[in-house]
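> Please find the sequence and the predicted model below.
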Amino acid sequence: MLRRAVHRLVARAAASIARRAPRGALPLRISSRRLYILPTRFGGMFALLMIGLLVGATHYGSNLAFALAFWLAAIALVSMHRAHRNLAGLSLADIRADPVHAGDSLIWRLTWASQASRPRRCVAIALADTPPVLCDIATSMTISVEQPARRRGKQAIPRVHVESRYPLGLFRCWAYLAPHHVVLVYPAVIGTTTVRDTADIARESTGPAALMHGAFFRGHRRYRDGDTWAQIDWKHSARRDHWLVRESEPPATPAPAVFAYHDLGDRSHEARLSQLAHWVLEADATPGDYRLVLPDADIGPARGRAHRTACLDALARQP
Amino acid sequence: MRPRGAGYPSRTERLALVGLAVFVSAGHIAHLPIGLSGLALLLFCWQGWAHWQGRPPPPGWLRGGATLGVFACVFFGIGQLTGQTAGVALLALMTTLKLSELQRQRDTDIVLLLCCFVLATEFLVSQSLAMALYLVAGLLAIVTVFVYIHTLAGPGRLRHAMREAATLTVLAVPLAGLCFVLFPRLPGPLWHLERDKGSAGVTGLTDRMSPGAISQLARSQRVALRARFDGPAPPPGARYWRGPVLWDYADNTWYNRADRPDLPAATVVAQGPTRDVTITLEPRDQPWLIALDTPLSADREYSVAAGATLIAEAPINERIRYRTRSALERRLDPNLSQAARGRALTLPFAANPRTRALAQRLADETSSSPALVERAMTWFAAHDFVYTLRPPATSTRNPVDDFLFHTRAGFCEHYAGAMVYLMRAAGVPARVVTGYLGAEPALYGDYWIVRDANAHAWAEVWQAGTGWVRVDPTRAVAPGRIGHLPANTADDTGVAGNARGNGPLTELFYRGRMAWDGMNAAWNQWFLAYGPALQQGLLQRLGLKSRSGGVIVLTLAAVVLLGLASLFMLWHMRPARTRDRVLRAWQGVERSMARAGRPRAPHEPASRWAARVAPAMPRNGPELVALAAAYEAVRYDPHAGTAERHDFQRRARRFRRRRL
């Protein structure tokens, strides 16, 4: 009964703390009213020790023991205020995170700014349930917190937990920040590659045709000035007295690869998106344009970084 | 969230804990029996070495075995496992053993708390001024290690920990002082106090006087009591401090036989003005309330012995302060009871025949007991007796004969004992009184110091009509002894000399010792004596009815003091001010804009920010854009002159006064 009441009380306090966390656009400042402070378990043991010292000092009538007990207790109380001052006024200035694929680690780079003339010591920063990162923050400090990106789509930064037990470890002073920041998580890169041999390509005229090497081998010819080293076929040249150069047949207007959502009809939604992401990355690594066709978008054909990003963004934003 | 993870505690953190444990145990190591001290040092060295080398913790069986071994050592070294000394020894040794398992945060936490506790137990042994300095040093060390453990590795970590510890300690002083004065004190002990007997060195006057007992004491320069006279000090010849009175004699030892029925309490009638003396008595584990001879009353619980000595309820094992009223001229037991008379005449049979013969001869030559006393004193003065701290040995069969007729060299106990023997042999009731003679005025402070070196013994002889009269044969032998300081400890000739000798070094030593004694006296009076009784008095003087009133004041004051400390730390963490006035002026502009809800983003250059926010501010926008341009021009143009800088600062100030 009592336990349930306590649980309800704690839950309500936690909800209230969560509601009151500073939120919104950056920079977010930890104001002293949004800092919470409670004794740690060590602090509890310290309090018991103080009671023991007082009883002992009374029993033995030792004024020096009294002095030690009172002095230690006073130092503990002052340290509580010190812990509070250590965090009050710290602000989260900037958040950066590079997009990642689902299943990878999302790395949040949080930049903290402090205007205080003294560094803020031993600050532990964690996101939701990630292991905390400890650092001293002088005027500005960027720390990276890793978080697994489990699901594709928009991922908002979880509540930021800032905590410090400085200076004596007797009190735990903490604050929550709820910044508004979203990063896109691309689909996981899973699926079959499109690498096929030339015969297949030649036979196939429809379907997603990707030209991995951009050209087909035609034959050898004699080296001419202007040929690059990479073009030389060293193996065959070794048997001649002149260099042989591989001559390729440039594909006469290579048709842009088309990756279409509806071509992968037999798979689940996420599997299709993963396969498309895989193809996009693959195609991006090879010359040639590619085009992505989604139910609500048709991107390209084009190539390059911006195109790749546009494609992946579109994939990430799929419902 | 557990902030400390793997790799904690690091090697330096472990070594810091070992060092702290050594520092706070140092006092115990100095007093414990030598074997246990050696064991503690050995364990400390082992731990220091192990952590220095980064050894893994010893296996469980070794730790368990070491724990049992420590218990065994304490039991055999001290003889018990309970009691103060044994408890302290166990605590110190267990702390050193705990150092062997510094694995997790909990271990370091426990060691830190143990160190606090070990330091506190040091003050059960001694509360001197030197221990107070030790307290401050130990406290600083403890707080430094606390901070050290809770900061991150990096350059200047130790220095920062020390500075932070000093700041915290100093900020805590007002609150700690207030707690000390106002926190409700209860009279101790709270339960049965099993206090160890003082170590052998701390004996003072006892209720036995064998040859050498007092001369042994007289070699010690320890303070026995400090006295403050109301009004002028009594004349040197009257500075007798009354201790235990000894009635019985056997085997050349004066003592009080336990099997004799108690004699009735002495009756003292003052014959002149009385003297009020406040005495701070050092603890000697004896019940006597030493007072100026002859005490009439004291302001604490006491009873009066047959010898007119004041006796406390229990042996005094802590320093106490009390006020006594004494009469220099008095009539002591004008009517002597038969029992007392009989006891004051008893002598063992058949020894010291020459002394008995002398007593008979002196008694025959005189008609009254005052005359007999006078005759005896003259006899002592007429024969060349020597007053010395190192008298030659006397035979066990006829010690008094030997002393009076052969060696003729002794300390006050020999003279007093021989005098009483002589009187009893002549049929006059007599007894031995022990106590102190003389006092040394303090150089710094209005009080007098009586040391163990002042220990003295004299005789009292009963005379009809006047009662007990003091007879001090030492005065006949060594007149200088009376009213002056006793022989210096090293002075082999033993004849009275002044402790305040000649030469600048002696003078310096004297002044140093007096200054130290003055500080100790003030320490005793103002710090150590503070307890429940003084607290009650203080609260009443402050107009507080009870202790709960004190608690309320304490709470309010604690809130105020902590608030002040917090403000100080806020000031400590104030925003860093740059020295560049231009930058400062610009930061002011940014601050007022931020207050108006338009902060500059950290990555934004000044002019771009101004351009971004200006359109939304029709009145102040253009000026902001102009200011940003001026700022960039002044700040980044190496040729910007003083005039431009001042102009910019003025404009920035004006901008900040605008309503944004």
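Structure received. Computed from a prediction, not measured in an experiment: that's the story for all the values here.

> Check which helix or strand B:I552 maps to.
helix B:547-572 (DSSP states H and E).

> What backbone torsions are found at the residue of chain A positioned farthest from its centre?
Distance from the C-alpha centroid of chain A, by Cα atoms, centre = their mean, peaks at A:G61 (60.3 Å). Note on A:G61: its backbone torsions stand at phi 60, psi 40 [degrees, to the nearest 10].

> looking at it, it is touching B:P189, isn't it?
Yes. With contact defined as Cβ atoms under 8 Å, A:G61 counts as touching B:P189 (7.3 Å). (C-beta placed from N, C-alpha, C; glycine too.)

> Quick check: the residue of the stretch 201-319 of chain A nearest chain B.
In the stretch 201-319 of chain A, the residue found nearest to chain B is A:T309; the distance is 20.9 Å by Cβ to the nearest Cβ.

> Provide the count of other residues in contact range of that residue.
15 (other Cβ atoms under 10 Å in any protein chain shown).

> Would it be right to say that it lies in a strand?
No. Checked against DSSP: H, G, I helix; E, B strand; the rest coil, A:T309 lies outside a strand; its state is helix.

> thinking again about what came up before, what packs against the helix holding B:I552?
Helix B:547-572 sits against helix A:63-87, helix B:157-182, helix B:532-541, with contacts defined as 3 or more Cβ pairs under 8 Å, 6 or more residues apart in numbering or on different chains; DSSP states H and E.

> could you give the mean pLDDT of the shortest one?
Yep, that's helix B:532-541 we're talking about. Averaged across helix B:532-541, pLDDT comes to 83.

> Pull the residues that contact it.
B:V181, B:L182, B:P184, B:R185, B:L186, B:P187, B:K545, B:S546, B:R547, B:G549, B:G550 (Cβ atoms under 8 Å, 6 or more residues apart in numbering or on different chains).

> Just give me the neighbour total for B:G272.
Neighbour tally, B:G272, other Cβ under 10 Å: 9.

> my bad, B:V589
Counted with other Cβ under 10 Å, B:V589 comes out at 22.

> Tell me who's in contact with A:A297.
Per Cβ under 8 Å, 6+ apart, neighbours of A:A297: A:A314.

> Phi first, then psi, for it.
According to degrees, to the nearest 10, A:A297 has phi -160, psi 150.

> correct me, but B:R577 touches B:Q587?
No. If you go by Cβ under 8 Å, B:R577 and B:Q587 don't touch, sitting 9.0 Å apart.

> neighbour count winner among those two?
Shown here are B:R577 and B:Q587; by other Cβ under 10 Å, B:Q587 has more neighbours (16 against 11).

> did I read that right, the more buried one in a helix?
Yes. Assessed with three-state DSSP, B:Q587 lies in a helix.

> excluding its backbone neighbours, what's nearest it?
Spatial nearest neighbour of B:Q587, chain neighbours left out: B:T578 (7.5 Å); criterion: Cβ to Cβ, 6 or more residues apart in numbering or on different chains.

> Surely that neighbour is in a strand?
No. Checked against three-state DSSP, B:T578 lies outside a strand; its state is coil.

> Could you list the buried residues of stretch A:77-90?
A:77-90 (16 or more other Cβ atoms under 10 Å in any protein chain shown).

> Let me have those in a markdown table, extended by distance to B:L538 and pLDDT.
Output for the buried residues of stretch A:77-90, formatted as a markdown table (distance: Cβ to Cβ, whole Å; pLDDT from 0 to 100):
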| residue | distance to B:L538 | pLDDT |
| --- | --- | --- |
| A:L77 | 23 | 93 |
| A:V78 | 25 | 93 |
| A:S79 | 29 | 94 |
| A:M80 | 29 | 93 |
| A:H81 | 28 | 92 |
| A:R82 | 31 | 91 |
| A:A83 | 34 | 92 |
| A:H84 | 33 | 91 |
| A:R85 | 34 | 90 |
| A:N86 | 37 | 91 |
| A:L87 | 40 | 91 |
| A:A88 | 38 | 89 |
| A:G89 | 41 | 87 |
| A:L90 | 44 | 90 |
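
> Any buried residues in stretch B:550-557, and which?
B:G550, B:V553, B:L554.

> Repeat that for stretch A:263-283.
For stretch A:263-283, using 16+ other Cβ under 10 Å, the buried residues are A:L264, A:R272, A:L273, A:S274, A:Q275, A:L276, A:A277, A:H278, A:W279, A:V280, A:E282, A:A283.

> From A:C311, how far off is the nearest residue to the first one once chain neighbours are set aside?
By that I understand A:L264. Distances taken as Cβ to Cβ, 6+ apart place A:R272 nearest to A:L264, at 4.3 Å, with adjacent residues excluded. Distance of A:R272 to A:C311, computed by Cβ to Cβ, to the nearest Å: 14 Å.

> Just the pLDDT at residue 48, thanks.
As the question left the chain open, I've gone with chain A. The predicted structure lists A:L48 with a pLDDT of 96.

> Not quite, go with chain B.
92.
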